Every structure is written in structure tokens, then in C-alpha cells.
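Chemist: mind looking at a prediction? Sequence and model below.
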Amino acid sequence: QVQLAESGGGLVQAGDSLRLSCTASGRIFATYAMGWLRQAPGKERDFVASITLPSGLTSYADSVKGRFTISRDSAKNTVFLEMNSLKPEDTATYYCSAMEHPRSGWSMWGRGTQVTVSS
């Protein structure tokens, strides 16, 4: 199992930037990818971005392409989500997640960090 701890959420204004961090501990070597998903009140949890740990390949939701960047610091077992040009519709609880292999799905979760963007 992998334990995930997010940090970096907060209240910002539209157009501002914010950086989320997720530090992993435990069986890091058994993890294929890490990513961020978000859930707004009354809505389903949606994919935001991911990065594979062996190769660093990234993937983004269309709604955040060009504004958000996911990256990793392998030495610190940490994944970052740099969020620029934030919009009110980005308001949500952001969850860090990990995937053991491509077909396992997002199976490990952090507790989430709140991001609120005011207009």
C-alpha cells in the first residue's frame, strides 16, 4: 500500500495560481502512476492530470490543458500540480491518487485538499 498526503490548497481569486503537492510513502516502487482528481459539491470525482512514475508521461483533462502542469520529484516521492489561470469552475476538493498498474484504476487516495477560486 501507498500512503498519500496532499498539501497546498487554499482560497484564491480567478486568474491566480496555486501549487498542490502530494507526498507518497510506503510501497512506492509498486506504483505505476500518480495523479490528481477533483470533486465539486454535488458532482462526481473527475480526472484532472496524471504522471507515470517509470517514464514521466503526463495526461490532462481537456478542461485544464494549457493551464495545469503535473510534475514529480522522484527523490522526494512527491508529485506536484501547478495550477495557473484558475477559474471559479476549478473550485473543488482535489485528491491525490495512485495506480498500481494500468488496469488497476485509481485505487489509493489521499484525504484531499480544498481549492476555492472566487470570481
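Modeler: Nice, I can see it. Numbers count the residues shown, from 1 in each chain.

Chemist: for the closest residue to Met34 other than its chain neighbours, give me its contacts.
Modeler: Excluding the flanking residues, the one nearest Met34 by CB to CB, 6 or more residues apart in numbering is Val79, at 4.6 Å. C-beta coordinates here come from the backbone N, C-alpha and C atoms, glycine included. Val79 makes contact with 21-22, 24, 34-36, 51, 70-73, 96 under the criterion CB atoms under 8 Å, 6 or more residues apart in numbering.

Chemist: just the pLDDT for Val79.
Modeler: Val79 carries a pLDDT value of 96.

Chemist: next, it: secondary structure please.
Modeler: Using DSSP: H, G, I helix; E, B strand; the rest coil, the structure places Val79 in strand.

Chemist: ok, it to Gly112 distance?
Modeler: Per CB to CB, to the nearest Å, Val79 is found 15 Å from Gly112.

Chemist: repeat for Thr93
Modeler: Thr93 is 4 Å from Gly112, by CB to CB.

Chemist: which neighbours do the two share?
Modeler: What both Thr93 and Gly112 touch, as defined by CB under 8 Å, 6+ apart, is the set Gln39.
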